[in-house]
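1. next comes the sequence, and after it the predicted model I'd like to discuss.
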Amino acid sequence: MKSSQSGFTLIEILVALTVFGILAAITSSVMYYAFTTRTRVTDQAERMVHLELAITLLERDTEQVTIRAVRGDDMRLFPIFVGQPNYMEFTRSGLVNPGSEQKRSTLKRIAILCTDNKLVRRSWGRLDVPKRSEYEDSVLLYNLKKCQFSYLNKNQDVLTEWHHGQAEQQSDDEPLPKAIKVTLNLGNWGDQSLLFILPRALYASNIK
């Protein structure tokens, strides 16, 4: 009686290896796509969080704009509101100091600027500072393709700059713009136009 020996032929082994290789390639590509998708979703979510935080901070600052000029180096007087295409500066109120427990004002001088493809919030420790070069910057948004400001007067004219007291742009009784338009290009998100109303400007028509 002959004993039979069972096994795989070379062709069967090659076919099995081929099938295994195809399955491995499919599995690895699916896993890679899943991981990269998760990374993209996470990056987009973080980007959205940063954008929402930046908008919130801008809303709070512009809602609290007040009519207060400041003095800087050599007692130089800086206007109530400075508006340029890539830079705006103003005084805001609303800082918490219940019962005046701390020896500081509830006002703060801040600036919002576009620089190096970033949206930056700048603040000074005191209103009237002897050295304007002493400030603190915090980045609100990174990797901007475009960052620009414009200003609306009481006639709804859109101005690229705001200089209080210049008759060719607005009347002397308009120390603040009625609104600020912030235009941002976020790359693959495209252009975003944000409009921030200045409530204090609605009551400032008689203040020079």
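-> Structure's in. What do you need?
2. Ile112: how many residues sit nearby?
-> Residues contacting Ile112 under the criterion other Cβ atoms under 10 Å number 23. Placement of C-beta: from N, CA and C, glycine included.
3. now it: closest residue in space, sequence neighbours ignored.
-> Spatially, and ignoring its direct neighbours in sequence, Ile112 is nearest to Met88 (5.4 Å; Cβ to Cβ, 6 or more residues apart in numbering).
4. residues contacting that neighbour?
-> Shown in contact with Met88 (Cβ atoms under 8 Å, 6 or more residues apart in numbering): Phe81, Val82, Ala111, Ile112, Leu113, Phe149, Trp162, Ile180.
5. now do Leu184
-> Counting by Cβ under 8 Å, 6+ apart, Leu184 touches Leu119, Leu141, Leu144, Lys146, Cys147, Asp191, Gln192, Ser193, Leu194.
6. recalculate using a threshold of 10 Å.
-> By Cβ atoms under 10 Å, 6 or more residues apart in numbering, the residues touching Leu184 are 51, 54, 114, 119, 141, 144-148, 190-194.
7. list the beta-bridge partners for it.
-> Cys147, Gln192 (DSSP bridges).
8. residue numbering should commence at 53 henceforth.
-> Sure thing, new numbering starts at 53, so read that last one as Leu236.
9. now do it against Arg161, distance only.
-> Distance of Leu236 to Arg161, given as Cβ to Cβ, to the nearest Å: 24 Å.
10. repeat that for Ser81.
-> As judged by Cβ to Cβ, Ser81 and Arg161 stand 55 Å apart.
11. neighbour count winner among the two?
-> Arg161 (23 against 10).
12. wasn't that one part of a helix?
-> No. Looking at Arg161 with DSSP: H, G, I helix; E, B strand; the rest coil, it is strand, so not inside a helix.
13. now Leu171, what are its backbone angles?
-> phi -100, psi 120 (degrees, to the nearest 10).
14. count the residues that sit near it.
-> 21.
15. and if you look at Ala253?
-> Ala253 - counted by other Cβ under 10 Å - has 23 other residues nearby.
16. so it makes contact with Glu115?
-> No. Ala253 lies out of contact with Glu115 (Cβ atoms under 10 Å); the separation is 11.1 Å.
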